[in-house]
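Engineer: give me a model of this one.
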Amino acid sequence: MAGSIDVPIWEKYSISIQEAAKYFGVGEKRIRFIISQNRNADFILEIGTHVKIKRELFAKYLNEATVV
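Structural biologist: Here you go, the predicted structure:
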């Protein structure tokens, strides 16, 4: 696409569930389950009907988790 800018995942503020699965090495189903169990978590960003993950806050959540 002309004029588009590709931002590396590690520099993005929010990422899709698919990007999060690749970046964190966690399956998409598991990420969707985590989101469903933590609907009010700070790492969730809802844009209309789309759910994005705030990358740094989700990393912090995973760092503090003992089981994923």
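Engineer: most centrally placed residue in this protein?
Structural biologist: Closest residue to the average C-alpha location of the chain: Ile53 at 3.0 Å, with C-alpha atoms, centre = their mean.
Engineer: can you tell me how far it is from Ile17?
Structural biologist: Using C-beta to C-beta, to the nearest Å, Ile53 is found at 7 Å from Ile17. Where you see a C-beta, it was placed from the backbone N, CA and C, and this is true even at glycine.
Engineer: coming back round to it: what sits against the residue nearest to the centre of the chain?
Structural biologist: Neighbouring residues of Ile53 by C-beta atoms under 8 Å, 6 or more residues apart in numbering: 14-17, 20, 31, 35, 43-45.
Engineer: same thing but at 10 Å, please
Structural biologist: By C-beta atoms under 10 Å, 6 or more residues apart in numbering, the contact list for Ile53 reads 12, 14-17, 19-21, 23-24, 31, 34-35, 41, 43-45, 59, 61.
Engineer: drop anything exposed from those.
Structural biologist: By neighbour count, with 16 or more other C-beta atoms under 10 Å, these hold 12, 14-17, 20-21, 23-24, 31, 34-35, 43-44, 61 as buried.
Engineer: which two among the residues you listed are spaced furthest apart?
Structural biologist: Pairwise distances across the buried ones among the contacts of Ile53 peak at 18.7 Å for Lys12 and Ile34 (criterion: C-beta to C-beta).
Engineer: what residues are shared contacts of Ile53 and Ile17?
Structural biologist: Counting by C-beta under 10 Å, 6+ apart, the residues touching both Ile53 and Ile17 are 31, 34-35.
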